[in-house]
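Undergrad: Have a look at this prediction, sequence included:
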Amino acid sequence: MENCTYTYSKPCNVMEKTYDVIVIGGGTAGSAAAIASAMGGEDTLIIERNSCLGGLASVGQVTPMMHNGIDGRSGRSYINEIIKKKMALEGYGADDHYGNDGWFNPEMIKYALEEIFTEYKGTILYNTELLDTVVENNKIKGVVVHNKSGLSLIRGRVFIDCTGDADAAFASGVTCFTGDELLHNNQAMSLRFMAGNIDILKLKAFLKEIGEADILEYPLVEIASVWEAKTPLNKVFQKGLKDKVIEYPDGKYFQAFSVPGMPGVMSFNCPEIPDIYDTLDTAAVSRGLITGRRMIKRLHSFLKAYIPGFENSCLISSADMPGIRESRRIRGKYILSEKDFSERAKFADGVARTAYPVDIHGLIDEKKLGIKLMERGEYFEIPYRCLITDAIENLLVAGRCISSTFIAQSSVRIQPTCSALGEAAGIAASYCVRNNRKPNELDGKIVRDIMTEKN
Ligand SMILES: Cc1cc2nc3c(=O)[nH]c(=O)nc-3n(C[C@H](O)[C@H](O)[C@H](O)COP(=O)(O)OP(=O)(O)OC[C@H]3O[C@@H](n4cnc5c(N)ncnc54)[C@H](O)[C@@H]3O)c2cc1C
């Protein structure tokens, strides 16, 4: 592509106010970061391009939260516990009693996050996209954003990049990686969807009849099928394939969960879209979305015709956010790797813990990597140094774009871990504003100690 040096000819408004903490991206990590910072008493702004908080968890329809594999409170994010509690109290969250109390309603999490953040006097600027950052002497002075009012410069003391794509870090000159280390291919993207008017009792009876595992109690249900596992449900998919109702990629990875507070509704963790290897290439992602909606239509026709309980179901929506599992990752002061996973590494500045497996969609068969799964009670930690860089002194990065290898990222990317990382970043930001410290020189043990106290 030809390079073009374009100068924006309209004025850039400079906001008068300087925020203590600016969080860019109000998804899983960003919401937790902003709540932690606001709880600390800092004047906190979230800049979010969508019209609600939650990111993948709301607009991306990614539910439920995966369990991080650690029993009890250890490794849990304090803020995520508040969010889950609020959802459960109002009937929009659930505990499956098999270790996961992170089932939630993706519509109502928007409301819950807004309520919690605004209770601590946080400010949200929706429909606003980060375009650039203004950096002087290794310090971000402000962010340049675009919305219907045009261009604005918003100044802050500490910035937290929770865009999932490390947009603010990249714009500030931080070295970033994307995809696997050899070919730079990203994990497969998906497009989640929801369907309603499903007779879940009838579906459960059918699962029992065919001998499919279904341990969950009504109204909770999970169904899954992949071609490699010759499960009873997969045999039904094979029939659909033979009858040409679905195509091979449609059944490559199929999974769906019921949704608390939405009777008869299921959220589908599929389809997994083939042949999109660069999730930062918007044209490719756009093609992927078109393919995804075709796959959804076929899948839903198949479900109606082949799976009892779905006969009268309707499609509710495909997600408004592409299901991107991995894109840019920063090079931080420490790069978390599969070695840390294998060695169950612990760090003095460990601010999050997980036992969630290496989970790579589309590219690699994880079993062939020879990485030993965690036994019960085992876990590894993520150090604070994965959230900071040598390049920018007042920038923290949290969520799926922290400093890690491609393989390690596939283990840390789940929502409870992203939430814990966001919380750590928010606590660090608040501490640094209060004590006039540089986040990238802060000893992460201080952050760990504050987090441990809260839990
Ligand atoms: C298909 C799929 C299925 C998954 N399944 C599960 C699951 O079942 N359970 C689980 O726990 N995890 C699951 N995950 C992983 C998990 O949902 C994500 O990794 C996690 O939510 C990422 O959180 P985040 O805060 O880093 O990013 P996000 O939640 O994506 O938040 C980023 C936010 O930043 C905003 N943003 C981005 N760029 C800009 C910009 N330039 N300016 C302003 N705003 C911006 C976005 O709009 C978004 O709100 C899944 C992921 C995918 C894609």
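TA: Yep, that arrived.
Undergrad: so what's the closest residue to the ligand within the chain up against?
TA: Relative to the ligand, the nearest point of the chain is Gly27 (1.9 Å; CB to the nearest ligand atom). Just so you know, the C-beta spots here come from the backbone N, C-alpha and C atoms, and that holds for glycine as well. The contact partners of Gly27, by CB atoms under 8 Å, 6 or more residues apart in numbering, come to 53-57, 162, 164, 399, 418.
Undergrad: from these, which is closest to Cys176?
TA: Set against Cys176, the nearest of those by CB to CB is Gly164 (12.4 Å).
Undergrad: What's the separation between the closest one and Arg73?
TA: Noted for Gly164: a distance of 27 Å to Arg73, by CB to CB, to the nearest Å.
Undergrad: what pLDDT, on average, does the helix or strand hosting Ile22 get?
TA: Under the criterion of DSSP states H and E, Ile22 resides in strand 12-24. Averaged across strand 12-24, pLDDT comes to 97.
Undergrad: Spell out which parts of the stretch 101-250 of the chain neighbour the ligand.
TA: Residues of the stretch 101-250 of the chain that fall close to the ligand, judged by CB under 6 Å from any ligand atom: 129-130, 162-165, 167, 190, 192.
Undergrad: Tell me where the model's unsure across this protein.
TA: Counting by pLDDT under 70, the chain has low-confidence residues at 1.
Undergrad: The stretch 1-150 of the chain: strands as residue ranges?
TA: 12-24, 44-47, 93-94, 103-104, 123-125, 129-136, 139-147, 150-161 (DSSP state E, counting those that start in this stretch).
Undergrad: Summarise which helices and strands the first one is packed against.
TA: Packed against strand 12-24, as judged by 3 or more CB pairs under 8 Å, 6 or more residues apart in numbering; DSSP states H and E, are the following elements: helix 28-39, strand 44-47, strand 139-147, strand 150-161, helix 415-435.
Undergrad: so how far is it from its chain's centroid?
TA: 25 Å (CA atoms, centre = their mean, to the nearest Å).
Undergrad: same question, the fourth one
TA: Its chain's C-alpha centre and that of strand 103-104 lie 14 Å apart, by CA atoms, centre = their mean.
Undergrad: got the contact list for that strand?
TA: 57, 63-65, 84, 87, 92-96, 220, 257, 259-260.
Undergrad: With the fifth one instead?
TA: Residues from elsewhere that reach strand 123-125, judged by CB under 8 Å, 6+ apart: 19, 26, 43-48, 53, 114, 117-118, 145, 147, 154.
Undergrad: what does the first one give?
TA: Contacts of strand 12-24 from elsewhere in the structure, counted by CB under 8 Å, 6+ apart, are 30, 33-34, 37, 42-47, 123, 130, 142-144, 149-163, 167-168, 426, 429-430, 433.
Undergrad: Any of those residues buried? List them.
TA: 30, 33-34, 37, 42-47, 123, 130, 142-144, 151-163, 167-168, 426, 429-430, 433 (16 or more other CB atoms under 10 Å).
Undergrad: which residue sits closest to Met39, ignoring its sequence neighbours?
TA: Leaving aside its sequence neighbours, Met39 sits nearest to Tyr120 (CB to CB, 6 or more residues apart in numbering; 5.3 Å).
Undergrad: Of all the residues in the one helix or strand Lys208 maps to, which ones are buried?
TA: For Lys208, the element it lies in under DSSP H and E is helix 200-210. Neighbour counts over helix 200-210 (16+ other CB under 10 Å) mark 200, 203-204, 206-207 as buried.
Undergrad: Restricting to C-alpha, output whichever helix or strand comes after it in CSV.
TA: Next in sequence after helix 200-210, counting helices and strands by DSSP H and E, comes strand 222-225. Output in CSV follows, covering the C-alpha atoms of strand 222-225 (Å, rounded to 0.1, in the frame of the first residue of the first chain):
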residue,chain,number,x,y,z
GLU,A,222,-24.2,-26.6,27.8
ILE,A,223,-23.9,-28.4,24.5
ALA,A,224,-20.7,-28.9,22.6
SER,A,225,-19.5,-30.8,19.6
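Undergrad: Can you name every helix or strand that strand 222-225 contacts?
TA: Using 3+ CB pairs under 8 Å, 6+ apart: strand 222-225 touches helix 232-242, strand 254-258.
Undergrad: quick one on the thing from earlier: can you pick the most crowded of the contacts of Gly27?
TA: Using other CB atoms under 10 Å as the neighbour criterion, Cys162 leads the contacts of Gly27 with 34 neighbours.
Undergrad: where's that residue relative to Gly27, distance?
TA: 6 Å.
Undergrad: domains of this structure?
TA: The chain breaks down into these domains under automatic domain parsing: 12-182+327-454, 193-318.
Undergrad: Contact partners for Gly25?
TA: Gly25 neighbours (CB under 8 Å, 6+ apart): 46-48, 55, 130, 161-164, 167, 399.
Undergrad: how big is the angle separating the helix ranked longest in the chain from helix 232-242?
TA: For the chain, the helix that runs over the most residues, judged by DSSP state H, is helix 282-306. Angle, helix 282-306 to helix 232-242, by axes from the mean of the first three to the mean of the last three CA atoms, to 10 degrees: 100 degrees.
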